[in-house]
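> Generate coordinates for the sequence data below:
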Amino acid sequence: MPFAFYVDWIVKFRDGRIGLFDTKQDRTAKDAKAKAEGLAKYIKDENLKGKRLWGGIVIYEKGSRRLNDNEVYKYNPNDLSSWKFLT
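Just a heads-up that it's a prediction; the model follows:
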């Protein structure tokens, strides 16, 4: 059953893109599968309509911010190889 949620951050970039970011940490990152996959699907669907969205789940881990924008969400604090670094 679909559910609504609100991202923590909406950022408009100078180039016109809109960033949608939901921050998580520890247990909330482990439990974010439905939100992460729903957000990835929303971004993909809206971009097919001509929008310029990007974003996903953001964590702060070992001194860096990381982004997961994958269609299939996986969180393992010991293996963040599928997460992108945000600068």
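
> In the chain, which helix is the longest?
When the chain is parsed with DSSP state H, its longest helix is helix 33-48.

> Mind giving me the packing neighbours of it?
Packing partners of helix 33-48 (3 or more CB pairs under 8 Å, 6 or more residues apart in numbering; DSSP states H and E): strand 18-23, strand 53-61. In this view, the C-beta of every residue, glycine as well, is placed from N, C-alpha and C.

> Can you give the distance of the strand or helix carrying Arg66 from its chain's centre?
Element membership of Arg66, judged by DSSP states H and E, is strand 64-68. Relative to its chain's centre, strand 64-68 lies at 9 Å (CA atoms, centre = their mean, to the nearest Å).

> where in this protein is pLDDT low?
1-3 (pLDDT under 70).

> quick revisit: got the helices and strands packed on helix 33-48 as a markdown table, with distance to Ala36 and mean neighbour count columns?
Formatted as a markdown table, those follow (distance: least, CB to CB, whole Å; neighbours: other CB atoms under 10 Å):
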| stretch | distance to Ala36 | mean neighbour count |
| --- | --- | --- |
| strand 18-23 | 8 | 18 |
| strand 53-61 | 5 | 20 |
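
> Can you say which of these is nearest to Asp69?
Closest to Asp69 of the helices and strands packed on helix 33-48 is strand 53-61 (CB to CB; 3.5 Å).

> That closest one pairs with which strands, and in what direction?
Sheet pairing for strand 53-61, assigned by DSSP bridges, gives strand 18-23 (parallel), strand 64-68 (antiparallel).

> From the rest of the structure, what touches that strand?
Residues outside strand 53-61 that contact it (CB atoms under 8 Å, 6 or more residues apart in numbering): 7, 9, 17-25, 29, 32, 35-36, 39-40, 42-43, 46-47, 65-70, 73, 75, 77, 80, 83, 86.
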